[in-house]
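Enquirer: no sequence for this one, just the structure:
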């Protein structure tokens with residue numbers, strides 16, 4: 001069975017973390033299917049201005065990462081979401097000839113796109129043109145914003161009508177679509193997965209002694225809620241609780257967050273690590289006592305299940321994703337945007353740390369989110385779609 005994976009978010013030689021959750025899934029899929037990747041990137045001329053944009057010119061049109069062939073056609077993208085509803089159309093025009101050519105050689109059985117906007121919109125048009133069934137996985141945490149947006153409503157509706165199946169990674173996304181009248185029979189919930197051979201519990205028992213090591217992973221942007229987490233650390237330190245928080249990630253709020261850390265006199269308690277390659281994330285989880293995920297909005301939360309796979313208890317916010325699978329045996333759920341609740345949740349886990357069994361947490365994750373389970377669900381869906389097309 002030959003599958004075309006189509007995603008505008010995918011790792012490349014310049015940005016190795018972009019769409020890493022798609023890449024991790026592909027590594028398991030390619031054990032069972034012949035996979036071709038088309039991962040479009042924005043066009044930018046080879047001139048060294050506007051660092052944020054000029055990096056795209058350094059991405060090759062074709063590369064191989066970990067034995068996976070990836071094509072990077074260019075598409076038109078304007079700053080500040082200008083002409084956002086048209087991006088899917090731009091993506092279609094800039095990738096159709098390449099995909100048509102690849103299809104003439106590979107004869108794809110199915111196209112699997114990630115994110116409705118813009119990749120899914122383009123994929124639905126391409127699939128219609130070359131008569132190949134299309135599946136889309138939606139990961140976007142702010143899907144409801146698009147469903148409420150007049151300029152996006154009709155695009156999403158037309159895309160949904162053209163495709164064969166829509167996978168969503170959480171029940172919240174499914175419910176948002178059902179409330180808008182979307183056909184339940186075309187929607188399937190399949191969560192993200194985790195590589196249980198890469199993320200494993202520490203063989204040495206973790207003990208809460210003089211210092212409690214906390215870790216949080218995410219881009220330094222508004223939606224990740226790091227202002228509230230830093231304030232929560234301040235509250236804990238004021239109670240003479242010796243916590244050490246490491247935040248992995250990069251983003252536009254770095255300077256502001258660093259200033260907060262300095263203003264709150266937390267330099268000994270909070271460290272901004274910066275961006276870390278996905279392969280090294282385990283090393284940080286392995287030395288932590290718990291993961292804190294203070295996000296304001298999520299569709300799922302891959303970092304949370306990676307922590308669970310390592311046997312770590314977690315403190316997460318009710319932000320649309322992790323509260324659907326974090327139970328009392330594996331962690332604590334608190335309200336989003338509330339520093340006092342975050343601090344209270346962290347303190348609760350510290351005081352009850354012995355009640356969290358790493359092996360039990362890991363097994364819970366394995367039974368629900370191991371790639372063996374997730375890939376079987378996707379494989380069964382592929383076969384169903386192809387047989388019915």
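Expert: Received, thanks. Values in this document were obtained by computation on a predicted structure and should not be read as measured data. Numbers count the residues shown, from 1 in each chain.
Enquirer: What helices and strands are in contact with the one helix or strand residue 177 maps to?
Expert: Per DSSP states H and E: residue 177 is located in helix 171-179. Packing partners of helix 171-179 (3 or more Cβ pairs under 8 Å, 6 or more residues apart in numbering; DSSP states H and E): helix 143-148, strand 165-168, strand 187-189. (C-beta placed from N, C-alpha, C; glycine too.)
Enquirer: what distance separates the helix or strand that the last one is followed by from the centre of its chain?
Expert: Meaning strand 187-189. Remark: after strand 187-189, the chain's next helix or strand is strand 212-217, criterion DSSP H and E. How far strand 212-217 lies from its chain's middle: 19 Å, per Cα atoms, centre = their mean, to the nearest Å.
Enquirer: For strand 212-217, buried residues please.
Expert: 212, 214, 215, 216, 217 (16 or more other Cβ atoms under 10 Å).
Enquirer: what comes into contact with it?
Expert: 226, 229, 233, 241-249, 281, 284-285, 287-294, 303, 307, 346, 350 (Cβ atoms under 8 Å, 6 or more residues apart in numbering).
Enquirer: which among those residues end up buried?
Expert: Buried among these by 16+ other Cβ under 10 Å: 226, 229, 233, 241, 243-249, 281, 284-285, 288-294, 303, 307, 346, 350.
Enquirer: Return the subset of those residues lying in strands.
Expert: Residues from the buried ones among the contacts of strand 212-217 lying in strands, with DSSP state E as the criterion: 243, 244, 245, 246, 247, 248, 290, 291, 292, 293.
Enquirer: Next up, the contacts around the fourth one.
Expert: Spelled out, it's residue 246. 213, 214, 215, 216, 271, 273, 284, 288.
Enquirer: The same query, at a cut-off of 10 Å, please.
Expert: 213-217, 270-273, 276, 284, 287-288 (Cβ atoms under 10 Å, 6 or more residues apart in numbering).
Enquirer: same deal with the fifth one?
Expert: Taking Cβ under 10 Å, 6+ apart, we find residue 247 in contact with 214-218, 220, 224, 226, 229-230, 254, 257, 261, 270-274, 292, 294.
Enquirer: ok, now the third one?
Expert: By Cβ under 10 Å, 6+ apart, the contact set of residue 245 is 212-216, 226, 229-230, 232-233, 236, 261, 266, 269-272, 288, 292, 346.
Enquirer: just the second one next, same as before
Expert: By Cβ under 10 Å, 6+ apart, the residues touching residue 244 are 211, 212, 213, 214, 215, 233, 268, 269, 270, 271, 288, 289.
Enquirer: Just give me the closest of those to residue 189.
Expert: Set against residue 189, the nearest of those by Cβ to Cβ is residue 215 (27.9 Å).
Enquirer: For the closest one, list each beta-bridge partner.
Expert: Per DSSP bridges, the residues bridged to residue 215 are residue 246, residue 291.
Enquirer: can you pull out the helices in the stretch 51-200 of the chain?
Expert: 51-54, 87-106, 121-130, 143-148, 150-162, 171-179 (DSSP state H, counting those that start in this stretch).
Enquirer: Quickly compare these and say which is most buried.
Expert: Mean neighbours per residue, mean count of other Cβ atoms under 10 Å, is largest over the helices of the stretch 51-200 of the chain for helix 121-130, with a mean of 23.
Enquirer: other SSEs contacting that helix?
Expert: Under the contact definition 3 or more Cβ pairs under 10 Å, 6 or more residues apart in numbering; DSSP states H and E, helix 121-130 sits against strand 2-6, strand 34-38, helix 87-106, strand 110-114, strand 134-138, helix 150-162.
Enquirer: Any chance of the ones you listed in a markdown table with distance to residue 59 and mean pLDDT as columns?
Expert: Listed next are those as a markdown table, based on distance: least, Cβ to Cβ, whole Å; pLDDT from 0 to 100:
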| stretch | distance to residue 59 | mean pLDDT |
| --- | --- | --- |
| strand 2-6 | 16 | 98 |
| strand 34-38 | 13 | 96 |
| helix 87-106 | 14 | 96 |
| strand 110-114 | 18 | 98 |
| strand 134-138 | 23 | 97 |
| helix 150-162 | 26 | 93 |
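Enquirer: Which one of those lies nearest to residue 182?
Expert: Across the helices and strands packed on helix 121-130, closest to residue 182 is helix 150-162 (Cβ to Cβ), at 6.1 Å.
Enquirer: can you give me phi and psi for residue 331?
Expert: Dihedral pair for residue 331: phi 170, psi -160, per degrees, to the nearest 10.
Enquirer: wait, what's in contact with the nearest residue to it once chain neighbours are set aside?
Expert: Once flanking residues are discounted, residue 331 sits nearest to residue 314: 3.8 Å by Cβ to Cβ, 6 or more residues apart in numbering. Shown in contact with residue 314 (Cβ under 10 Å, 6+ apart): 290-293, 301, 303-305, 307-308, 322, 326, 330-333, 345, 349, 356, 361.
Enquirer: Against residue 230, how distant is residue 314?
Expert: Using Cβ to Cβ, to the nearest Å, residue 314 is found at 18 Å from residue 230.
Enquirer: returning to that earlier point: which among the contacts of residue 244 gets closest to residue 18?
Expert: Of these, the one sitting nearest to residue 18 (Cβ to Cβ) turns out to be residue 215, at 21.4 Å.
Enquirer: Stretch 253-261: how far from the chain's middle?
Expert: For stretch 253-261, the distance to the chain centre is 24 Å (Cα atoms, centre = their mean).
Enquirer: Stretch 275-282 too?
Expert: That offset, for stretch 275-282, works out to 14 Å (Cα atoms, centre = their mean).
Enquirer: Just the mean pLDDT for that stretch, thanks.
Expert: Averaging pLDDT along stretch 275-282 gives 94.
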